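S.K.: How does the following fold in three dimensions:
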Amino acid sequence: MLWNRFKSHFKIGEEKAGLKIESAGLTDIGRRRTHNEDAIFLSDEAGLYLVADGMGGHACGEVASSMAIETVSAKFIASDREKPSLLLKETIQEANGRIFDYSKERVNPPEGTETLTGYGTMGTTIVALAISGETAAIANVGDSRAYRLRNGCLELLTRDHTLASLQPPNGKAPLAAIPSKLKHILTRALGVEAKVEVDLREEAVRRDDLFLLCSDGLTNLVSDARIEEILSSLASIQSASEALIKEANQNEGKDNISCVLVRAK
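M.R.: As a prediction, this is how the structure comes out:
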């Protein structure tokens, strides 16, 4: 189940070791863009949920995000899934290699237009959640995020790979010296270098936990406090996903916006 280019919803339930898992997803072009470079994937049967945010002109970002999600989901579903964290890492690294090779073969950027992080003009972020039994594995590259709402409190489970998230080394200029327009530049993404480091973590899943995966089209325009308020106030995860997209669009909607909600019951 892969979506991009248009609004999409998906919701289903699956029993997982005594917990019922339900999910809903929505991706939206926003109010400023001419096409959607985000892509999402949801499968309660496989316990896999993905959000990717592509980058690159002339639809290259759309290709990169689609390649990432197709590669990760296909290999994950075809595997035995005994070690979800390691499997997420392997599949994301494989997706990185595919996108990087495609970029070298199909995309020829003009001299001097290489990205800050490496070769090429196409790439994508990715954030992934895999639920197995009562354990959640979370993986990410870039600035698409994973959150968890537990007992009414929203917690960020991933770290952005951007200039703003870097700790300045000794003797270097403080972070405040970085111009605000540069702070969102990615320091890590799929497809821009031959190899990529994937951040991984595992968390116990409790009944009533609500996980949110989203692109920066949401988090750049809707505060964590407001996200927490929306998720806490709406009983339906489908209506919550719609409310998050609506909120981002009301706050200019200057980027593609995607969110996937996964709840344990």
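
S.K.: And the strands in the stretch 151-265 of the chain?
M.R.: In the stretch 151-265 of the chain, strands defined by DSSP state E, counting those that start in this stretch lie at 153-156, 199-204, 210-214, 257-264, listed in chain order.

S.K.: I'd like the distance from the first one to the chain centre, please.
M.R.: Between the mean C-alpha location of strand 153-156 and the chain-wide mean there is a distance of 16 Å, by Cα atoms, centre = their mean, to the nearest Å.

S.K.: And that strand, what does it pack against?
M.R.: In terms of contacts (3 or more Cβ pairs under 8 Å, 6 or more residues apart in numbering; DSSP states H and E), strand 153-156 is packed against strand 145-150, helix 224-233. For the C-beta atoms, the positions are set from N, CA and C on the backbone; glycine is no exception.

S.K.: contact partners of that strand?
M.R.: For strand 153-156, the surrounding residues in contact (Cβ atoms under 8 Å, 6 or more residues apart in numbering) are 145-149, 224, 227-228, 231.

S.K.: again, only using 10 Å
M.R.: 145-149, 203, 210, 212, 219, 224-232 (Cβ atoms under 10 Å, 6 or more residues apart in numbering).

S.K.: on that earlier part again, so which of the helices and strands packed on strand 153-156 is the most packed in?
M.R.: Highest mean neighbour count among the helices and strands packed on strand 153-156 (mean count of other Cβ atoms under 10 Å): strand 145-150, with a mean of 21.

S.K.: Which positions in stretch 67-82 come out as buried?
M.R.: Neighbour-count burial for stretch 67-82, counted by 16 or more other Cβ atoms under 10 Å, picks out 67-73, 75-76.

S.K.: Restricted to helices, list those residues.
M.R.: Members of the buried residues of stretch 67-82 lying in helices (criterion: DSSP state H): 67-73, 75-76.
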